[in-house]
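Chemist: model the following, please.
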Amino acid sequence: MAGRLSVYLAGPAVFRADADAHGASLKRLCTAKGLEPLWPLDNDPKSSSAADLAREIRQMNCATIDLAAAVIADISPFRGPNMDPGTAFEIGYAIALNKPVFVYTQAPGQTLLDRTRAAFKLRTVGAKHYDANDMEVEDFGLHENLMIATVAEPVYASFEEALEAFVKSNTGRSA
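Modeler: Numbering: from 1, shown residues only. Just a heads-up that it's a prediction; the model follows:
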């Protein structure tokens with residue numbers, strides 16, 4: 001696989017009951033495009049305690065992102081209206097390394113406010129929206145929190161679309 005562009009595959013799919021099979025499917029799509037897929041579950045942590053294991057997984061995932069040419073991340077809502085926080089970290093880490101990030105969601109066209117409003121009762125005062133704890137829900141018309149939405153655009157409707165965008169962005173480079 002040496003010499004091929006690598007892409008880190010981020011997202012909550014690692015928590016799926018069929019994570020290995022799903023990951024294999026994503027990896028096949030990457031390989032068919034001449035890319036080296038970097039799937040977080042391919043790392044092999046050895047720590048025995050839960051706390052050490054958690055640290056080791058984070059360190060391994062960061063080291064894998066270090067190796068990647070780019071990140072393709074699933075920012076679909078996860079356990080609520082927002083994306084998976086681990087994926088948000090991975091996106092931020094990649095951005096800090098000046099790596100391109102391509103994002104996709106299974107909720108295209110929905111803003112963060114739309115999803116939050118559907119999940120929780122909001123109180124609206126003027127143009128501002130507040131949750132039950134009187135915390136403002138941002139309304140920038142974006143698909144996710146502004147810290148993610150403003151660095152990872154456009155948002156693609158599928159992994160395949162995000163993958164194709166990455167491939168097109170590398171036309172002319174050896175893949």
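
Chemist: what about the residue positioned nearest the centre of the chain, helix or strand, and which?
Modeler: Centroid check for the chain by C-alpha atoms, centre = their mean gives residue 73 as the closest residue, at 2.7 Å. According to DSSP states H and E, residue 73 maps onto strand 70-74.

Chemist: and that strand, what's its mean pLDDT?
Modeler: For strand 70-74, mean pLDDT rounds to 98.

Chemist: relative to it, what are the paired strands and their orientations?
Modeler: Strand pairing for strand 70-74, using DSSP bridges, gives strand 6-10 (parallel), strand 101-104 (parallel).

Chemist: which residues does the helix or strand bottoming out on mean pLDDT in the chain contact?
Modeler: One helix or strand of the chain scores below all others by mean pLDDT, DSSP states H and E: helix 146-149, with a mean of 92. Applying C-beta atoms under 8 Å, 6 or more residues apart in numbering, the external contacts of helix 146-149 come out as 75, 83, 88, 91, 92, 103, 112, 138, 140, 142, 143, 155. C-betas here are computed from N, CA, C, even on glycine.

Chemist: got the domain boundaries for this structure?
Modeler: 6-107+145-169, 109-142 (automatic domain parsing).

Chemist: how far is whichever strand or helix holds residue 52 from where the chain is centred?
Modeler: Using DSSP H and E, residue 52 sits within helix 50-67. Helix 50-67 sits 16 Å away from the centroid of its parent chain (C-alpha atoms, centre = their mean, to the nearest Å).

Chemist: pull out the buried positions in it.
Modeler: 56, 57, 61, 64, 65 (16 or more other C-beta atoms under 10 Å).

Chemist: what about the strands in the chain?
Modeler: 6-10, 36-38, 70-74, 101-104, 123-125, 128-130, 136-137, 155-156 (DSSP state E).

Chemist: out of the ones you listed, which gets nearest to residue 48?
Modeler: strand 36-38 (25.1 Å; C-beta to C-beta).

Chemist: right, and residue 162 touches residue 101 too?
Modeler: No - assessed by C-beta atoms under 8 Å, residue 162 is found out of contact with residue 101, at 9.4 Å.

Chemist: give me the common contacts of these two.
Modeler: residue 72.

Chemist: more neighbours, these two?
Modeler: residue 162 (26 against 23; other C-beta atoms under 10 Å).
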